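Visitor: how would this look folded up:
(4 chains)
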There are 4 protein chains.
Amino acid sequence: MSKIPVTILGATGAVGQRFVQMLAEHPYFEIVSLSGSDRTAGRSYGEACRWVLPGSPPEVVRHMTVSPTTTDLPGQVAFSALPAGIARELEPQFASEGYAVCSNASALRQTTGVPLLIPEINFDHLAMIPAQKSVLGWKGLAVTSPNCTTNGIAMTLKPLDDAFGVETLFCSTMQAISGAGYPGLPSLDINDNVLPYIQNEEEKIQSETNLLLGRMVDGERIPAQITVSAHANRVPVVDGHTITMSIKFKNKPDVADVIHVLENFRGPLEVEKMPTAPAQPIIVRHEPDRPQPRRDRDAGDGMSVSVGRIRPCPIFDIRLVTVVHNTVRGAAGGSVLNAELLYANGLLA
Amino acid sequence: MSKIPVTILGATGAVGQRFVQMLAEHPYFEIVSLSGSDRTAGRSYGEACRWVLPGSPPEVVRHMTVSPTTTDLPGQVAFSALPAGIARELEPQFASEGYAVCSNASALRQTTGVPLLIPEINFDHLAMIPAQKSVLGWKGLAVTSPNCTTNGIAMTLKPLDDAFGVETLFCSTMQAISGAGYPGLPSLDINDNVLPYIQNEEEKIQSETNLLLGRMVDGERIPAQITVSAHANRVPVVDGHTITMSIKFKNKPDVADVIHVLENFRGPLEVEKMPTAPAQPIIVRHEPDRPQPRRDRDAGDGMSVSVGRIRPCPIFDIRLVTVVHNTVRGAAGGSVLNAELLYANGLLA
Amino acid sequence: MSKIPVTILGATGAVGQRFVQMLAEHPYFEIVSLSGSDRTAGRSYGEACRWVLPGSPPEVVRHMTVSPTTTDLPGQVAFSALPAGIARELEPQFASEGYAVCSNASALRQTTGVPLLIPEINFDHLAMIPAQKSVLGWKGLAVTSPNCTTNGIAMTLKPLDDAFGVETLFCSTMQAISGAGYPGLPSLDINDNVLPYIQNEEEKIQSETNLLLGRMVDGERIPAQITVSAHANRVPVVDGHTITMSIKFKNKPDVADVIHVLENFRGPLEVEKMPTAPAQPIIVRHEPDRPQPRRDRDAGDGMSVSVGRIRPCPIFDIRLVTVVHNTVRGAAGGSVLNAELLYANGLLA
Amino acid sequence: MSKIPVTILGATGAVGQRFVQMLAEHPYFEIVSLSGSDRTAGRSYGEACRWVLPGSPPEVVRHMTVSPTTTDLPGQVAFSALPAGIARELEPQFASEGYAVCSNASALRQTTGVPLLIPEINFDHLAMIPAQKSVLGWKGLAVTSPNCTTNGIAMTLKPLDDAFGVETLFCSTMQAISGAGYPGLPSLDINDNVLPYIQNEEEKIQSETNLLLGRMVDGERIPAQITVSAHANRVPVVDGHTITMSIKFKNKPDVADVIHVLENFRGPLEVEKMPTAPAQPIIVRHEPDRPQPRRDRDAGDGMSVSVGRIRPCPIFDIRLVTVVHNTVRGAAGGSVLNAELLYANGLLA
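Guide: Numbers count the residues shown, from 1 in each chain, chains lettered A, B, ... in the order given. Presented below is the predicted three-dimensional model:
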């Protein structure tokens, strides 16, 4: 079987590099082009890119020339790590021209007809694609992966929502600096410090959670109606977002119920078999002080979400803590998984 | 006027050092003795103490000999930075023997008859002292200052409770490492990491907040009835606790009301004049990303609490962020202020 | 006495902010104007400036309008925190137009006729000023303060050079992130990391050390001839540069000699009396593990250099460690001290 | 082939955990027992051990009972992560009783007859073993791996010494906190700070470098005669020691010579084939700002040493920077490699 040719849009940025890293030796996909900004286009990837991950850019892309971000780029799938503003303009063009756009940007997440996906929890939202083609008139298609933090939240909530009905969520986040991209956060702002503000983050958490937990009715996505209050904070941690949550349910579970449901959660078999899917999407930690970002972010190669400190809440029903790797599961890894889902469903034919 | 002789119990620890720092040149008090553990007793303070604050121990105590913690220590006031277990045993002995114990330990905070004080907000709880003497049969007396985090919470809530009636509080904390004392937290646990657990901290926040906001009725303290849910976390910040809060009120205020009340809050004139009291107990920050621990912990020489990001909450009424210096206002400084309050009320006569 | 009106060039940057902080209540100088970039000019300082120091911009400048950097700015002294490129173009213009330029930029440090000053150690280099006026044809004058790291090195070496003759210096630095300005170093580059490279830093250390330790002969500065090898590194510390040094002397001292010379070093009386001068320019630490940046950077309000671990070197004669506050003594504070020296010598008449 | 049974002494500490991690699925060795302190002995490893590495203890040891450190422990090889004092007493007993002791402790490193080994550079020191048995009268044997920092230094110097003759080394280190073990360094000491002192570290670097680069003459190890001056510092980095070096050679090479020699260095074929040996023991980085601990510590799964910034030195001949993973190559990984060397040489028969 020959691999499907793919391009990475915005390949030199922090999330773009994660795409490169995760796709360099992918069993289904082959990187055939890379796009960058005007500053980087025309240079080799190895030179144009300030590699911010450990080690070096993979050999296979090091000598590839960075292209401008235009719709004549070789590739059938376009993984997008474009900045929000540029994504808003270019992603529809790529979809229109026939690419299967797998985006990590926020641009299309709220667009009618574009599914916001975490394969383990709402693979059925793929059913939006046929309508997408007809309504938006695209030759190709587009799917999006959610905001890094919302990834961890929705993954934790979905099995609980199915079992007990989630009504209300209070959450407060402690997010890693890699979430701000590169150069991103000045060290003078975050060393020995906390920043209690991340632009638009609370709004994203509040709206995307409801899209992700939405139900498909007659090919249409009906968002969930969970009331969410989010406090978003940045802390001096390199990778891994930590989220404290208090949850109110329709059918109040006890702590053992919650542990049982989370520990037994698996995605559909089709998803479980995908190459980037972790053996276990949710890992429950039983130590009193876990999960922790440094010790749990790499669980399942960064694709598992770790949940712990499951205990009663004096106000709502249950309190707990979730850690999610923000640039793997919460960014590039999520979009790669989405592409694998498209592939498994014959949508990359 | 000659100064009042004081002793510091547990003077070589992290909070003990703050006591030393804040009392070394105090206008009312003079350090006449210092106590330490068996390991440090008998040595000079300069040698026995691994000074963890910037600079060096003040000259005035450097050559003072560290004593064992016994009730024959010279001094009329005993500032206690003892570990919880030891405090539980020894603080009542000191009070019984006639010392005015101003404790930062948690040991007596829940003891009937012992006021838990933040002078700006519940100076009237001093009225518990006469009953304390009679009920507990002490020659001296004891007052306590609250847990470091609760300090910031209660200071923020009190004026709002007076104005609008606080019903429910959800809070999630990001606490500095100095709150764990010395040697305290191993660096391997907290560097590039978050610890989502601090032993007993959530319980303290939940109960002490209600004690602090309690009302005096006929010389008796009636605790408030606020339902509190706390998530306590440790982050890699040296000093300064950050607390995100969502608050539900009896009489729902809008954001402008909350800002107005907080900005205009002052302690009683008697407290305002005390040497360690800040000009403004609460400082409201209007920037979108303040308060921050590194930039706001030293406001009012570490005695002011900074509040910002005051905005509506989708679940309750108001969301906001508070920063408090955990070892100044939240520990030694709070107890020094308590001692000044005793002094101002003639209770050190 | 009315104060001398001064302007701060590049006032909104990280070093510019330190100038503002140190000059806001200065006994000799009064800030009458502030300059910024095109982006900030025309706005009030409070709005234009992202204040990166603790607290808030001083009241006295908050409502001052930021001006473009042009030579019609009010003020007699121009404190320069301009970026190197701009400084190279504009500082000579300011000196030419009659300002006394006290620069922290590197632009003029190597210019013939422009003294590079640390008042305590080479105040006599002021004697270059008369020739400067005649040779460069300026109505005003310019003096410079050295690179942040070199400040600590030269302060440490000067008394030792006078006593024993310094021949060779090997040094390796661990520099704080604030030395890179704002936004400066991306947090993704320095958190949980060391950067073993700072552009041009090693060259500056090697050349400026010899200028600072140069001797005046017939009104001319003869640079010292110390062979210097520097390794410059960035570490995750907010403020305070740490420098390890191995020194070879003409007349080999023992450890006690070195301690004695350093502890007894004082600047000339005229300098000691200047308002920003610390009581002791060099503080010798005797603990085995001091100086440390967090605990020693604020010695003498950031104007003292701390030296410790003085011990024999297996290769050269003496090893030691120096800590200097890079944005106070090593930047704005150094230039303010230079201005005070000009003042004391009647050069601001 | 059945695996060789091994025990890990001091298995619950930070280095002990690395041993567990690296040996849990080793192709030659099988963990059959684990020893711990009095506090941990008798409990299951999973409970007794506060796991400080990412993730969880491997399944294969989680339920193994921790034993006291006595010479009746099952196992043929004894990997030692014992504290120095205890190692000094017990390691000779284990060797005497017939175990092949592969120690990471410093206890026996200086003992006559005990080789200090880095397989790639001085595998020939194994020739000391026959004499060891006869002189020390042991039934078993003992080999040691060097101090973490010295590992990186010796690996870098050895090929250069062979090619050009190393005469003098100046080095200054920036060492990670994991090097101090667990609980090790209090976070209050190292956050936002540098500690310019590590007990005994400079002495170890200075002496062990000469042992490692010693030559075997008639079965006896003649230490090298390099004059070394070391400055040892601790910085807030989790893993990975960074070392700046200035080197003087007998036959002065230029920069290109040094790069060529380092890039072409390989251990002997026998070593290259060992399971824990990296493909390349030394990786030369050509970027101006590499190596960096966070980005290079995991090179070769933590077993490669990264070298960069190779440039002339104004005092000696060459300056460069080395990064070594202190708990993998510099600790447990080094000892595992030593055991593999013993195995390959039939010394575990």
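Visitor: Would you list the phi and psi of A:Ala279?
Guide: When read as degrees, to the nearest 10, the backbone of A:Ala279 gives phi -60, psi -40.
Visitor: so what's it up against?
Guide: Applying Cβ atoms under 8 Å, 6 or more residues apart in numbering or on different chains, we find A:Ala279 in contact with A:Glu272, A:Gly300, A:Ser304. For the C-beta atoms, the positions are set from N, CA and C on the backbone; glycine is no exception.
Visitor: Nearest spatial neighbour of the first one, chain-adjacent residues omitted?
Guide: Distance criterion Cβ to Cβ, 6 or more residues apart in numbering or on different chains; nearest residue to A:Glu272, sequence neighbours excluded, is A:Arg266 at 6.2 Å.
Visitor: How is A:Thr111 assigned, secondary-structure-wise?
Guide: Secondary structure assignment for A:Thr111 (DSSP: H, G, I helix; E, B strand; the rest coil): coil.
Visitor: now the helices: where do they sit in the stretch 151-300 of chain A?
Guide: A:187-190, A:201-212, A:255-263, A:269-272, A:293-296 (DSSP state H, counting those that start in this stretch).
Visitor: Tell me the helices and strands packed up against the second one.
Guide: Helix A:201-212 makes packing contacts with helix A:148-164, strand A:166-174, strand A:227-231 when contacts are defined by 3 or more Cβ pairs under 8 Å, 6 or more residues apart in numbering or on different chains; DSSP states H and E.
Visitor: I'd like these as a markdown table, with distance to chain B, mean pLDDT and mean neighbour count appended.
Guide: A markdown table is the format used below for the helices and strands packed on helix A:201-212 (distance: least, Cβ to the nearest Cβ, whole Å; pLDDT from 0 to 100; neighbours: other Cβ atoms under 10 Å in any protein chain shown):
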| stretch | distance to chain B | mean pLDDT | mean neighbour count |
| --- | --- | --- | --- |
| helix A:148-164 | 13 | 98 | 25 |
| strand A:166-174 | 3 | 98 | 25 |
| strand A:227-231 | 4 | 98 | 22 |
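Visitor: how about A:Gly308, secondary structure?
Guide: Three-state call for A:Gly308 (three-state DSSP): strand.
Visitor: wait, what's in contact with the residue nearest to it when sequence neighbours are not counted?
Guide: Leaving aside its sequence neighbours, A:Gly308 sits nearest to A:Arg285 (Cβ to Cβ, 6+ apart; 3.6 Å). Contact partners of A:Arg285, counting by Cβ under 8 Å, 6+ apart, are A:Pro291, A:Asp296, A:Ser306, A:Val307, A:Gly308.
Visitor: want to try CSV for the residues you listed, with neighbour count and pLDDT as columns?
Guide: Shown next, in CSV, are the contacts of A:Arg285 (neighbours: other Cβ atoms under 10 Å in any protein chain shown; pLDDT from 0 to 100):
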residue, neighbour count, pLDDT
A:Pro291, 28, 98
A:Asp296, 28, 98
A:Ser306, 29, 98
A:Val307, 29, 98
A:Gly308, 24, 98
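Visitor: Put together JSON lines for the helices and strands packed on helix A:201-212, with distance to D:Leu82 on each row.
Guide: What follows is these, written out as JSON lines (distance: least, Cβ to Cβ, whole Å):
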{"stretch": "helix A:148-164", "distance to D:Leu82": "40"}
{"stretch": "strand A:166-174", "distance to D:Leu82": "37"}
{"stretch": "strand A:227-231", "distance to D:Leu82": "47"}
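Visitor: how about those, which one is nearest B:Ala87?
Guide: Proximity to B:Ala87 (Cβ to Cβ) singles out strand A:166-174 among those, at 31.3 Å.
Visitor: Tell me the strands beside that closest one, with direction?
Guide: The strands beside strand A:166-174 in its sheet (DSSP bridges) come out as strand A:227-231 (parallel), strand A:241-249 (antiparallel).
Visitor: In JSON lines, list the ones you listed along with distance to D:Ser335.
Guide: Listed next are the strands paired with strand A:166-174 as JSON lines, based on distance: least, Cβ to Cβ, whole Å:
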{"stretch": "strand A:227-231", "distance to D:Ser335": "47"}
{"stretch": "strand A:241-249", "distance to D:Ser335": "35"}
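Visitor: ok, of the contacts of A:Arg285, which one's closest to D:Asp257?
Guide: For those, the nearest to D:Asp257 is A:Asp296 (46.4 Å; Cβ to Cβ).
Visitor: Report the helix or strand with the lowest average pLDDT across chain A.
Guide: Here the helix or strand of chain A ranked lowest by mean pLDDT, DSSP states H and E is helix A:129-136, holding a mean of 91.
Visitor: mind checking how far the residue in the stretch 151-300 of chain A that chain D sits nearest to is from B:Gln175?
Guide: Closest approach between the stretch 151-300 of chain A and chain D, counting by Cβ to the nearest Cβ: A:Asp192, at 4.4 Å. Separation of A:Asp192 from B:Gln175 (Cβ to Cβ, to the nearest Å): 14 Å.
Visitor: Over to A:Met303?
Guide: 30 Å.
Visitor: picking that back up, dump the least confident helix or strand of chain A to CSV, keeping only the CA atoms.
Guide: Taking Å, rounded to 0.1, in the frame of the first residue of the first chain, the C-alpha atoms of helix A:129-136 are listed here in CSV:
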residue,chain,number,x,y,z
ILE,A,129,-19.4,15.5,6.5
PRO,A,130,-21.9,14.7,3.8
ALA,A,131,-23.9,17.8,4.7
GLN,A,132,-20.7,19.8,4.9
LYS,A,133,-19.9,19.1,1.3
SER,A,134,-23.3,20.0,0.0
VAL,A,135,-23.8,23.1,2.2
LEU,A,136,-20.3,24.6,2.0
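Visitor: What residues does chain A have near chain C?
Guide: Counting by Cβ under 8 Å from any Cβ of the partner chain, the residues of chain A close to chain C are A:14, A:52, A:177-178, A:180, A:182-192, A:236-238.
Visitor: So which residues of chain A form strands?
Guide: According to DSSP state E, chain A carries its strands in the segments A:4-9, A:29-35, A:66-67, A:77-80, A:100-103, A:141-144, A:166-174, A:215-217, A:220-222, A:227-231, A:241-249, A:282-284, A:305-312, A:318-324.
Visitor: So which residues lie in contact with the first one, not counting its own?
Guide: Put plainly, it is strand A:4-9. Looking at what lies outside strand A:4-9 - Cβ under 8 Å, 6+ apart - the contacts are A:16, A:19-20, A:23, A:28-35, A:69, A:73-82, A:90, A:94, A:99, A:339, A:343, A:348.
Visitor: Going through these, which ones are buried?
Guide: A:16, A:19-20, A:23, A:28-35, A:69, A:73, A:75-82, A:90, A:94, A:99, A:339, A:343, A:348 (16 or more other Cβ atoms under 10 Å in any protein chain shown).
Visitor: near chain D, from these?
Guide: Checked against chain D using Cβ under 8 Å from any Cβ, those yield no neighbours at all.
Visitor: For the residue of the stretch 1-150 of chain A found nearest chain D, grab the count of nearby residues.
Guide: As assessed by Cβ to the nearest Cβ, chain D sits closest to A:Pro54 within the stretch 1-150 of chain A, at 4.9 Å. Number of residues near A:Pro54 (other Cβ atoms under 10 Å in any protein chain shown) recorded here: 13.
Visitor: Same question for the one 10 residues further on.
Guide: Neighbouring residues of A:Met64 were enumerated by other Cβ under 10 Å; the total is 19.
Visitor: And it, how far from A:Val228?
Guide: From A:Met64 to A:Val228 the distance is 41 Å (Cβ to Cβ).
Visitor: and if you look at A:Ser178?
Guide: For A:Ser178, the distance to A:Val228 equals 24 Å [Cβ to Cβ].
Visitor: A:Gln132 touches A:Val114, doesn't it?
Guide: Yes. With contact defined as Cβ atoms under 8 Å, A:Gln132 and A:Val114 form a contacting pair (6.5 Å).
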